[in-house]
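> need a 3D model of the following:
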Amino acid sequence: MTRQQHQYEPVIELPLNESRDWTGEWWLPDDPEKEVPGVLSYSPEKGLRLGLIGGWDYHVTHPDKNGSAIVTDSLQRWPMVLGSGDGKAITLLGGVVTARSFGLGRPVGSPDKLELRASTAPVGVYMGAPNKVAVVDTASATGSGAN
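Next comes the predicted model:
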């Protein structure tokens, strides 16, 4: 079943004074076929954290004059990450890499684990662009500890 065919359950307003997790698949809007499993966690103390099993290439690269890529020490910032967690559409806004790890046997540039911090996560919403809502339900989480 594709994401377009999936029927999401109605979203119930969540008390965000309590910790909460959403387990599911996560992807970048420009590469929806590369889904990565993970858990989005919210706590009032730590804000929003997305722990991925695997992940995406997180280094910032620049083209070299000979056509190769120069890898910098800078880390990617993704303005938006989409996901399906516990049957709910979720959009993470302001994703910043906070931790990563590598092991043997992974493709080059692909981490074993990747952790992102996010500023906001509308639950029940897929946004087509950072400021354009595509699907709306009723709940959202703002990561007070995300900054």
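> and for residue 120, the neighbour number?
Residue 120: 15 surrounding residues under other C-beta atoms under 10 Å. For glycine as for every other residue, the C-beta is placed from the backbone atoms N, C-alpha and C.
> do I have it right that it meets residue 94?
Yes. Judged on C-beta atoms under 8 Å, residue 120 makes contact with residue 94 at a distance of 6.6 Å.
> run through the strands of this protein in chain order.
For the chain, applying DSSP state E gives strands covering 20-28, 31-43, 47-53, 59-63, 69-75, 77-85, 88-101, 113-118, 120-123, 126-129, 132-135, 139-142.
> ok, now how distant is residue 26 from residue 44?
Residue 26 sits at a distance of 22 Å from residue 44 (criterion: C-beta to C-beta, to the nearest Å).
> pick out whichever of the two has more residues nearby.
residue 26 (28 against 12).
> residues contacting the more buried one?
35-38, 40, 50, 52, 81-83, 92 (C-beta atoms under 8 Å, 6 or more residues apart in numbering).
> likewise for residue 19?
41-44.
> ChimeraX command to pick out the buried ones of those?
With 16 or more other C-beta atoms under 10 Å as the criterion, this ChimeraX line picks the buried residues out of those:
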select :41,42,43
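> what is the nearest of the contacts of residue 19 to residue 20?
Taking C-beta to C-beta as the measure, residue 20 lies nearest residue 42 of those, at 4.9 Å.
> look up which residues are beta-bridged to the closest one.
Beta-bridge partners of residue 42, counted by DSSP bridges, are residue 20, residue 48.
> ok, now residue 71?
residue 61.
> isn't it right next to residue 63, touching?
No. At 11.5 Å, residue 71 does not count as touching residue 63 under the criterion of C-beta under 8 Å.
> who has more neighbours out of the two?
For residue 71 and residue 63, the more surrounded residue by other C-beta under 10 Å is residue 71, and the numbers stand at 12 against 9.
> local confidence estimate at that one?
Looking at residue 71, its pLDDT reads 73.
> now do it against residue 96, distance only.
18 Å.
> list the contacts for residue 76?
56-60, 97.
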